[in-house]
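[1] Take a look and give me a structure for this.
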Amino acid sequence: MDEAEKQSKSTRYDRYKEEVCEDIAEIIQQYGCQPILFVGSGLSKRYLGAPSWDELLAQLAALCPSIEKGLGYYRQAFKTSPRIGEEFARIYQEWAWGSGNNEFPKDLFAEDASSQVYLKYKIASIIENVAAHGSPLPKDDKHSDEVAALKKIKPHSIITTNYDQMLERIFPDFEPIIGQQALKSQALAVSEIFKIHGCVSDFASIVVTESDYTNFLRKKKFLSAKLLTFFNEHPLLFVGYSASDPNIKSILSDIDEALPEKGGIVPNVYILQWNQSITPESYPPKDKILPTEEDRSIRVKLIESDDFTWVFDAFGANPALTNVSPRLLRALAARSYHLIRHDIPRMPAHIDFQILKSSVANGNSFAKLFGVAVIDDYSAASVTHPLSATELGIQLGGTSWHTANALIEKLTATYGVNIKASDNRYHRKEKVNKTEYHKYSAEALEILKKFQAGETIELQINGATP
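    Residues are numbered from 1 along each chain as shown. Down below sits the predicted model:
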């Protein structure tokens, strides 16, 4: 089946997926680094069956006999989940010091223990019980392909508001940084999971009550500085959050503050949302305006799917880190950071500055300083064939890849040669994981412009003139 036949059989959603994958490939190539993942509770619910906010509160209410009214009453009286959490923490403390005494470890009754530790202990117990019955890499589960594709992304780092340890199991070589530790971590963080709302492994760190959130927001400016560094240097993918999630509003508000121009789409921020209503003829919107704090808004890229596998494949398509150990990367970054910040200024070691000077002259020599050989055919191909189908279509006066594709089909019908049928001076096809990318050279643009203008052209495919 040739390219024209494939196009005629493709559905609207197939074309949507192709355009989204092309856009992701362009952004990853432009930034030249791995993405940052922001992971919300929706992903833990999808893979582990972990509870949502409301489900967690309902379970907490059922476990404590001192919570006598239904959750609806607390919704009416306290409005927000953190305020309900504050009230539940108060009730749990009274229960723990009364009839519920045997429900909690004895060390939680020390005078210096937090009054909210009883609620957080039960939250950790609920989530650990759920996680004990789940697996991040199920062999026969319907989400096994998704989780395997997620692993292959090899993100620079992960930021999550989840309490569970699912991400540590999916990315075993990543280092968890829990709660306030995130504020003290090194600036060159790599292969780390920032658990900014705490973790069940340290249940006292869990952010769940109104006072927790107040304390978190008071110290948030330090975290915001780290997030803005990530935003400036990496593609960002939000997954497991709804558009109305207060956590996503807060993070996007920080990003919005740093934008030099307001109103335009933020090119490197993607939100992946599950849509169970996707059909072969669906063509979802590719951007979304989201409200942030103080009645502002921000426009980001939106991806909708009922299967995340192809999206994760697209973000994992850059093979740059295929065989690199995250532990090695983290150790290398940490040692380099310590060398620059401490060893060189204090001169505790003999340093050959001539070697350093010659080694930082270019990327290859710098890599060799650390014993790293640079093999970059992927980037070389991007130099010779820099244009995606979408970019080619825009250069030809259109608004998407359709313009370029229609012109190539017409060229094929006229000259009997399909430039997309092989890798050649005009076209190159890259297949990474399960995703194919079509890239075009400046020569292809020149040829198509002449053909578009009705001029006679001469095609040369692999040295031969058809």
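
[2] count of residues packed around the spatially closest residue to His427 that is not a sequence neighbour?
    Closest residue to His427 apart from its sequence neighbours, by C-beta to C-beta, 6 or more residues apart in numbering: Ile419 at 4.9 Å. Bear in mind the C-beta positions are built from the backbone N, C-alpha and C, glycine included. Ile419 has 22 neighbours, counted by other C-beta atoms under 10 Å.

[3] How is this protein partitioned into domains?
    Domain ranges of the chain: 3-46+141-320, 53-132, 323-375, 380-452, per automatic domain parsing.

[4] strand partners of the helix or strand where Ile193 lies, parallel vs antiparallel please.
    Assessed by DSSP states H and E, Ile193 sits inside strand 192-195. Here strand 192-195 is paired, per DSSP bridges, with strand 157-160 (parallel), strand 175-178 (parallel).

[5] which one of those strands lies closest to Ser253?
    strand 157-160 (15.1 Å; C-beta to C-beta).

[6] That closest one: how far from the chain's middle?
    Taking C-alpha atoms, centre = their mean, to the nearest Å, one finds strand 157-160 lying 8 Å from the centre of the chain it belongs to.

[7] what sits up against the helix or strand immediately after that strand in the chain?
    The helix or strand immediately downstream of strand 157-160 is helix 166-170, counting by DSSP H and E. Contacts to helix 166-170, defined as C-beta atoms under 8 Å, 6 or more residues apart in numbering, come from residues 39, 43-44, 47-48, 50, 131, 134, 136-137, 147, 150-151, 158, 160, 174, 176, 193.

[8] Now go through these and say which are in strands.
    Those of the contacts of helix 166-170 mapping onto strands are 39, 158, 160, 176, 193, per DSSP state E.

[9] Between which two of those is the distance greatest?
    Val39 and Pro176 (12.5 Å).

[10] Those two: who's more crowded?
    Val39 (24 against 19).

[11] my read: the more buried one touches Thr160, true?
    Yes. Taking C-beta atoms under 8 Å as the definition, Val39 is a contact partner of Thr160 at 4.3 Å.

[12] Next, format the strands paired with strand 192-195 as JSON lines and append distance to Pro386.
    Shown next, in JSON lines, are these (distance: least, C-beta to C-beta, whole Å):
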{"stretch": "strand 157-160", "distance to Pro386": "28"}
{"stretch": "strand 175-178", "distance to Pro386": "36"}
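
[13] and Leu302, which of those is closest to it?
    Between those, strand 157-160 lies closest to Leu302; by C-beta to C-beta that is 19.4 Å.

[14] Identify all contacting residues around the closest one.
    Contacts of strand 157-160 (C-beta under 8 Å, 6+ apart): 36-40, 167, 171, 174, 189-197, 227, 230.

[15] could you dump the helix ranked longest in the chain to CSV, C-alpha only?
    When the chain is parsed with DSSP state H, its longest helix is helix 12-31. C-alpha atoms of helix 12-31 as CSV (Å, rounded to 0.1, in the frame of the first residue of the first chain):
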residue,chain,number,x,y,z
ARG,A,12,-9.8,11.8,11.2
TYR,A,13,-8.4,10.7,14.5
ASP,A,14,-5.4,9.0,12.8
ARG,A,15,-4.6,12.4,11.2
TYR,A,16,-5.0,14.1,14.6
LYS,A,17,-2.6,11.6,16.2
GLU,A,18,-0.1,12.1,13.3
GLU,A,19,-0.2,15.9,13.7
VAL,A,20,0.2,15.7,17.5
CYS,A,21,3.1,13.3,17.2
GLU,A,22,4.8,15.6,14.7
ASP,A,23,4.4,18.6,17.0
ILE,A,24,5.8,16.7,20.0
ALA,A,25,8.8,15.6,17.9
GLU,A,26,9.5,19.2,16.8
ILE,A,27,9.4,20.5,20.4
ILE,A,28,11.7,17.8,21.7
GLN,A,29,14.1,18.4,18.8
GLN,A,30,13.9,22.2,19.4
TYR,A,31,14.6,21.9,23.2
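
[16] Please consider this matter closed, and thank you.
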